[in-house]
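Student: With the input below, show me the fold.
(4 chains)
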2 protein chains.
Amino acid sequence: MKFSISEENYLKQIYLLQQDTGTVSTNNLAKELQAKPASVTDMLKKLREKKMVHYEPYKAFNLTEKGNRTAVHIVRRHRLWEFFLSEKLGFEWEQVHDIAEELEHVSSDTLITRLDDFLGNPRFDPHGDPIPDSSGKIYRQRQVSLSTLALNSPQSVSGVGDQSTAILELLNHYGIAIGVKVEVTRRFDFDGSLELQIGKKRHLLSHAVAKNIFVQYAQ
Amino acid sequence: MKFSISEENYLKQIYLLQQDTGTVSTNNLAKELQAKPASVTDMLKKLREKKMVHYEPYKAFNLTEKGNRTAVHIVRRHRLWEFFLSEKLGFEWEQVHDIAEELEHVSSDTLITRLDDFLGNPRFDPHGDPIPDSSGKIYRQRQVSLSTLALNSPQSVSGVGDQSTAILELLNHYGIAIGVKVEVTRRFDFDGSLELQIGKKRHLLSHAVAKNIFVQYAQ
DNA sequence: AATTATTTTTAGGTTTGCCTAACATTATTC
DNA sequence: GAATAATGTTAGGCAAACCTAAAAATAATT
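Tutor: This next block holds a predicted model:
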């Protein structure tokens, strides 16, 4: 099904408000979209025709299964473009949103698939928001590598990038595993190595190892 | 000055027709834009209001200085995106046009500047058409059609005149693309067809096809 | 519960960009 | 040069997406 830019904006914004605050109201949505409540009502009727929202006059409304799927794909496009702008074109993260707002409406699916691959299938955009994959699946927690984690901020290990036996052996030796609380206490700029506190002990990790260990970053 | 997507499409198309055939007519433009002549007349009045075209009813029309400058910038955006799609995302050159058609309307100037730098300030798009630089300057190639190229003079393909999907498909089949070395080995005067050497193989091309393939003449 | 305030919808209007059908102008042909 | 053909314009309409102002429904307050 094909949607206009306006319809896409509404679907995306309903989705985001649902995520954020749990509920969506006409006024609420109008404010977010910089439109008048009356315009929102117009569009809700249109989206109901297309079976994208459950909507009854004067009652709360929300996305249908179809509506949700569509919205997720628009969010995916938006965040992939944000990632592109930040990572490849060197934009600051506060500049990317408005431009991605336009790019997200370019309709080729192949384009998005190829862009995703070109970018290395990133899971989080520069704001730390998750980028849904092509099936719409969302990896909720932002994963931050130890090599970029802030100092003195204890976090739980949530994953490992490189999963070769070699590195797993090493991690095992240090007692590093999923769920273990760790804290970066020092970082040495000249070679990217860092000091990691695990329980009562401190260990020195090379940059090569550190960048493959991820923690969940509280959002 | 800010333009709608529709206005941009008109400006670009008037520019391209001017380049191609020297003249633009209402019917002509309507066909190109897949619209009716009456719609073209409507838009011409609007563009005249904005001082983008010189237009008097029933007379020929053309872009003003301002209109030309604007059109060149839209063409620049289009061709930069084509280059990106082809070079970075691996699209075939006959696929890039339609997607670039949408991308060209994203309005951030900074975006285009950074994209240009990211791509290495290319001067020609995948079809061999010149990409105007940020000031609007166009580096023209001396292009010679295969139908007039001297025999036994190997040259690199630099561009294609007609850019319909039909011809691009055909060229793709023969392995003809920008940068490919070709050589005209025979020419048959009675119908203008010619024998073309591409690598180790020889193919027969009709005059209609040959006159649309251009090579760069030593530069 | 009645009143007031807030939220949401309806009714009717505007702009943009397109359309068809009828008319006007210019070009071509006999 | 008159008749015909082709091209271009005007007039009037339509759909999308917005708006304002008034009315309806719901929520909050006394």
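Student: can you tell me the helix or strand for the closest residue in space to A:S134 that isn't next to it in sequence?
Tutor: Counting by C-beta to C-beta, 6 or more residues apart in numbering or on different chains, A:T113 is the residue found nearest to A:S134 once chain neighbours are left out, at 6.4 Å. For every residue, glycine as well, the C-beta is placed using N, CA and C. For A:T113, the enclosing helix or strand under DSSP states H and E is helix A:109-118.
Student: what about that helix, average pLDDT?
Tutor: Along helix A:109-118, the predicted confidence averages to a pLDDT of 97.
Student: Who are the packing partners of the worst-scoring helix or strand of chain A on mean pLDDT?
Tutor: Lowest mean confidence among the helices and strands of chain A (mean pLDDT, DSSP states H and E): strand A:142-145, at a mean of 76. With contacts defined as 3 or more C-beta pairs under 8 Å, 6 or more residues apart in numbering or on different chains; DSSP states H and E, strand A:142-145 has these neighbours: strand A:155-160, strand A:213-217.
Student: Quick check on the residue nearest to the spatial centre of chain A: phi, psi?
Tutor: For chain A, A:P130 is the residue whose C-alpha lies nearest the centre (C-alpha atoms, centre = their mean; 1.5 Å). A:P130 has phi and psi values of phi -70, psi 140 when expressed as degrees, to the nearest 10.
Student: any chance you could map the helices in chain A?
Tutor: Under the criterion DSSP state H, chain A contains helices at A:5-21, A:26-33, A:37-49, A:65-87, A:96-103, A:109-118, A:165-174, A:207-210.
Student: Wait, the residue nearest to the centre of chain A touches A:R140, no?
Tutor: Yes - in this structure, A:P130 is within contact of A:R140 by C-beta atoms under 8 Å, at 5.8 Å.
Student: returning to what we had before: would you reformat the helices and strands packed on strand A:142-145 as JSON lines and include distance to A:F84?
Tutor: What follows is those, written out as JSON lines (distance: least, C-beta to C-beta, whole Å):
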{"stretch": "strand A:155-160", "distance to A:F84": "24"}
{"stretch": "strand A:213-217", "distance to A:F84": "22"}
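Student: okay but A:K181 is in contact with A:S153, surely?
Tutor: No - in terms of C-beta under 8 Å, A:K181 does not count as a neighbour of A:S153; the distance is 11.0 Å.
Student: buried set for the strand ranked longest in chain A?
Tutor: With DSSP state E setting the assignment, residue counts place strand A:181-188 as the longest strand in chain A. The neighbour-count criterion (16 or more other C-beta atoms under 10 Å in any protein chain shown) identifies A:V182, A:E183, A:V184, A:R187 as the buried residues of strand A:181-188.
Student: quick one: the first one from A:G175, how far?
Tutor: According to C-beta to C-beta, to the nearest Å, A:V182 and A:G175 sit 10 Å apart.
Student: shared neighbours of these two, anything?
Tutor: When C-beta atoms under 8 Å, 6 or more residues apart in numbering or on different chains defines a contact, the residues bordering A:V182 and A:G175 alike are A:I198.
Student: For chain A, what lies in contact range of DNA strand C?
Tutor: By C-beta under 7 Å from any atom of the strand, the part of chain A that sits against DNA strand C consists of A:25-28, A:37-38, A:40-42, A:44-45, A:55, A:57-59.
Student: Enumerate the residues of chain A near DNA strand D.
Tutor: Taking C-beta under 7 Å from any atom of the strand as the test, the list of chain A residues beside DNA strand D reads A:4-7, A:9, A:34-36, A:38-39, A:42-43, A:46, A:58-59.
Student: Looking at those, state which has the most neighbours.
Tutor: Taking other C-beta atoms under 10 Å in any protein chain shown as the neighbour criterion, A:M43 ranks highest of the residues of chain A next to DNA strand D with 21 neighbours.
Student: Could you count how many residues lie near A:R123?
Tutor: For A:R123, the neighbour count with other C-beta under 10 Å is 18.
Student: these two touch, right, it and A:I131?
Tutor: Yes - in this structure A:R123 lies within contact range of A:I131 using C-beta under 8 Å: 5.8 Å.
Student: how close does the residue nearest to A:S134 get to DNA strand C?
Tutor: With the distance defined as C-beta to the nearest atom of the strand, to the nearest Å, A:T113 ends up 29 Å from DNA strand C.
Student: So among the residues of chain A next to DNA strand C, which ones count as buried?
Tutor: For the residues of chain A next to DNA strand C, burial is judged from neighbour counts taken by 16+ other C-beta under 10 Å, and it is met by A:T26, A:N28, A:V40, A:L44, A:Y55.
Student: Please name the nearest non-neighbouring residue to A:A150.
Tutor: Looking at A:A150 with C-beta to C-beta, 6+ apart, the closest residue is A:V184, at 7.6 Å.
Student: ok, that neighbour - contacts?
Tutor: Contacts here follow C-beta under 8 Å, 6+ apart; on that basis A:V184 touches A:L146, A:L149, A:A150, A:L151, A:N152, A:S153, A:L194, A:E195, A:L196, A:Q197.
Student: from the residues of chain A next to DNA strand D, which is closest to chain B?
Tutor: Distances from chain B to the residues of chain A next to DNA strand D, taken as C-beta to the nearest C-beta, are shortest for A:I5 (9.3 Å).
Student: Contact partners for the closest one?
Tutor: A:I5 is in contact with A:H105, counting by C-beta under 8 Å, 6+ apart.
Student: rewinding a little: can you list the contacts of A:V184 in CSV and add pLDDT and neighbour count?
Tutor: Compiled in CSV, these are given as follows (pLDDT from 0 to 100; neighbours: other C-beta atoms under 10 Å in any protein chain shown):
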residue, pLDDT, neighbour count
A:L146, 88, 23
A:L149, 82, 22
A:A150, 81, 11
A:L151, 87, 11
A:N152, 86, 10
A:S153, 82, 13
A:L194, 94, 22
A:E195, 94, 15
A:L196, 93, 23
A:Q197, 93, 16
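Student: Low-confidence bits of chain A, can you list those?
Tutor: Residues of chain A that meet the criterion pLDDT under 70 lie in A:128, A:141-142, A:163, A:217-219.
Student: from what I can see A:R77 touches A:L103, true?
Tutor: Yes - A:R77 is within contact range of A:L103, at 7.4 Å (criterion: C-beta under 8 Å).
Student: now the angle from the helix holding A:T113 to helix A:65-87?
Tutor: Using axes from the mean of the first three to the mean of the last three C-alpha atoms, to 10 degrees, one finds that helix A:109-118 and helix A:65-87 are set 50 degrees apart in direction.
Student: still on that earlier bit, partner strands of the longest strand of chain A and their direction?
Tutor: The partner list of strand A:181-188 in its sheet, established with DSSP bridges, is strand A:155-160 (antiparallel), strand A:193-198 (antiparallel).
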